[in-house]
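# build me a structure from this.
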Amino acid sequence: MPFLRILILAFCVFSSSFAAADVYIKAARMVDTEAGSVAESPAVLVSGDRIVAVGTQQSLPPPEGAEVIDLGDATLLPGFIDMHVHLSSADKSVSFLEEQLQSVPRQTINAVSNARLTLNAGFTTVRDVGSSGVSVIALRDAINAGDVEGPRIWASGPALGITGGHCDNNYLPPELKVRSEGVADGPWAVRQKVREIIKLGANTIKFCATGGVFSRGTTVGAQQYSLEEMQAIVEEGHRRGMIVAAHAHGTEGIKAAIEAGVDSVEHASILDEEAIRMAKKRGTRLSMDIYNTEYTQAMGVANGIPEENLAKDREVAEVQRESFRRAVKAGVNMVFGSDAAIYPHGDNARQFAIMVEYGMTEMQALQAATVNAAELLGQESLGRISEGSFADIIAVPANPLEDIRATESVSFVMKGGVVHTAP
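Okay, here's the model as predicted:
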């Protein structure tokens, strides 16, 4: 009998603890990005790290013992997903060229700070597509272990690139013979490099198919990796279950990357009609960073960016935006990718307004950063507020379908059932 009483008491304590962990969230409205609609007077019940029920405040009253979070006139949204960031970048008080000299440990500390800024801005998941060593891979693991705050991270580690290409380091004197970690030339060498990066702990792969804006001595539109090399990277990555992203500004590099089977093309600046048709036919996602030129042209000189890079940014900016407009009109699958690092981390949501300006509806822009991005990651439990999904929930003070800039003022952030920002 005493043993039975102990079991009953333990069960009661466990049940009480479980009930106390339940969180009931209510607000004025909720954007359902999966259905493409808005629900009035929503209620969401969270238990542990998952959403267990979604309804209205009338149909789903708070259960006894649940913690109630009343967000008033706010709008609930799924946590945003940014598919193109570089968390290990330096604060903008550090000049562009000085940043090239930072050690991997210093970059890791940058990443810890930037992860917190990104999470507080409402981005509960990111894909980091290029960092030195295991800086962001280690950050991802530390976040997962609960040691530091930050979003869920898919980390590529060092991005692959050709010798002297966009993903190599061309800023230091040649006699130092500096070679970036991801450099590999030839089909068998790139296969080995993919394997090496996965060994480091990467859970996504990124390579540079063309030149870029923020590199020295590369032409933005020029193809760098050959089709055979790209195919080897994609095949090796897919064999290991990785999603593969290709940095590609120029038309021929974009088309070669799509033909090679990449899952997403980053930047996709100079699209012709054939490239758009290929992306749509093959289901290749485009991740186009059409906001950051605003910051680069306004603050580039003050941040010490060389004129070579500023000129390349001016060259590609409006071409990329027109490509974005045509891709949206054609119905290509788009995901939100901001290239955070070019501008300060935490300002990611400023891209939403530019996406709307250049052809998306407000709902399409929100879907790019939620359900579309989750689909690219292969994560059905992210990017939506639905039963069984991770409790990644944010709130903004107004209806973003009426004013998309409301996304820039996130007042509430919950990630995996844990509140990180509250009004």
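# tell me where the chain has helices.
Counting by DSSP state H, residue ranges of the helices within the chain are 2-21, 96-99, 104-120, 135-144, 187-200, 227-239, 251-260, 273-282, 292-299, 307-330, 350-357, 362-368, 371-377.
# now do the contacts for the nearest residue to residue 135 once chain neighbours are set aside.
The shortest distance from residue 135 to any residue that is not its chain neighbour, by CB to CB, 6 or more residues apart in numbering, is 4.2 Å, and that residue is residue 108. Quick note: C-beta positions are derived from backbone N, CA and C, even for glycine. By CB atoms under 8 Å, 6 or more residues apart in numbering, the contact list for residue 108 reads 88, 135-136, 138-139.
# just name the closest of those residues to residue 71, please.
residue 139 (29.5 Å; CB to CB).
# tell me who's in contact with the spatially closest residue to the closest one that is not a sequence neighbour.
Closest residue in space to residue 139, ignoring its immediate chain neighbours: residue 111 at 4.6 Å, by CB to CB, 6+ apart. Applying CB under 8 Å, 6+ apart, we find residue 111 in contact with 87-88, 131, 135-136, 139.
# reformat these as TSV; add pLDDT, neighbour count and distance to residue 40.
Shown next, in TSV, are the contacts of residue 111 (pLDDT from 0 to 100; neighbours: other CB atoms under 10 Å; distance: CB to CB, whole Å):
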residue	pLDDT	neighbour count	distance to residue 40
87	98	29	37
88	97	27	42
131	96	30	42
135	97	25	44
136	98	33	40
139	98	27	39
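# sorry, back to before: state the pLDDT value of the residue nearest to residue 139.
We have a pLDDT of 97 for residue 111.
# likewise for residue 423?
86.
# what number of residues lie near it?
By the measure other CB atoms under 10 Å, the count of residues near residue 423 is 11.
# please apply the same query to residue 419.
Here the number of neighbours of residue 419 (other CB under 10 Å) works out to 16.
# and it, what are its bridge partners?
Residue 419 has the following beta-bridge partners by DSSP bridges: residue 414.
# my guess is it contacts residue 395. True?
No: with contact defined as CB atoms under 8 Å, residue 419 does not count as touching residue 395 (10.9 Å).
# and for these two, which residues touch both?
By CB under 8 Å, 6+ apart, residue 419 and residue 395 have these common neighbours: residue 412.
# surely residue 202 and residue 244 touch.
No: with the criterion set as CB under 8 Å, residue 202 and residue 244 do not qualify as a contacting pair; they are 11.0 Å apart.
# follow-up on the earlier one: quick check: the two most widely separated of the contacts of residue 108?
Farthest pair in the contacts of residue 108 (CB to CB) is 88 and 138. Separation: 10.2 Å.
# picking that back up, out of the contacts of residue 108, who's nearest residue 50?
Proximity of the contacts of residue 108 to residue 50, judged by CB to CB, is greatest for residue 139, which lies at 24.2 Å.
# touching, that closest one and residue 85? I think so.
No: under the contact definition of CB under 8 Å, residue 139 does not touch residue 85, with a separation of 11.7 Å.
# wait, isn't residue 117 in contact with residue 343?
No: Residue 117 sits out of contact with residue 343 when judged by CB under 8 Å, with a separation of 11.7 Å.
# show residues contacting stretch 358-371.
Identification of contacts with stretch 358-371 by CB under 8 Å, 6+ apart yields 31, 33-34, 36, 77-82, 290, 321, 324-325, 328-329, 334-336, 352, 355-356, 383-384, 400-402, 404, 407.
# again, 7 Å this time
Identification of contacts with stretch 358-371 by CB atoms under 7 Å, 6 or more residues apart in numbering yields 31, 33-34, 36, 77-78, 80-82, 290, 321, 324-325, 328-329, 334-336, 352, 355-356, 383-384, 400-401, 404.
# what do you get for stretch 315-334?
213, 220, 249, 267-271, 276, 279-280, 283, 285-286, 288, 290, 293, 358-360, 368, 372.
# hmm, back to that, please tell me how far the residue nearest to residue 135 sits from residue 137.
Summarising the geometry, the distance separating residue 108 from residue 137, computed by CB to CB, to the nearest Å, is 10 Å.
# distance of residue 128 relative to residue 210?
Counting by CB to CB, the gap from residue 128 to residue 210 is 20 Å.
# ok, those two, which is more surrounded?
Here residue 128 and residue 210 are set side by side on neighbour count (other CB under 10 Å), and the busier one is residue 128, at 31 against 28.
# tell me how many other residues crowd residue 174.
By other CB under 10 Å, the residues close to residue 174 number 7.
# again, but for residue 37
So residue 37, with other CB under 10 Å, has 11 neighbours.
# who's it bridged to?
Beta-bridge partners recorded for residue 37 (DSSP bridges): residue 32.
# show the pLDDT at it.
Each residue has a pLDDT score; the one for residue 37 is 97.
# same question, residue 9
Spelled out, the predicted local distance difference test score at residue 9 is 42.
# same check on residue 15?
Value listed for residue 15 in the pLDDT field: 37.
# same question for residue 97.
Confidence for residue 97, expressed as pLDDT, is 87.
# quick one: contacts for it?
For residue 97, the contacting residues are 171, 304, by CB under 7 Å, 6+ apart.
# so how far is residue 138 from it?
When CB to CB is applied, the distance between residue 97 and residue 138 equals 26 Å.
# below-threshold pLDDT in this structure: ranges please.
Under the criterion pLDDT under 70, the flagged ranges of the chain are 1-21.
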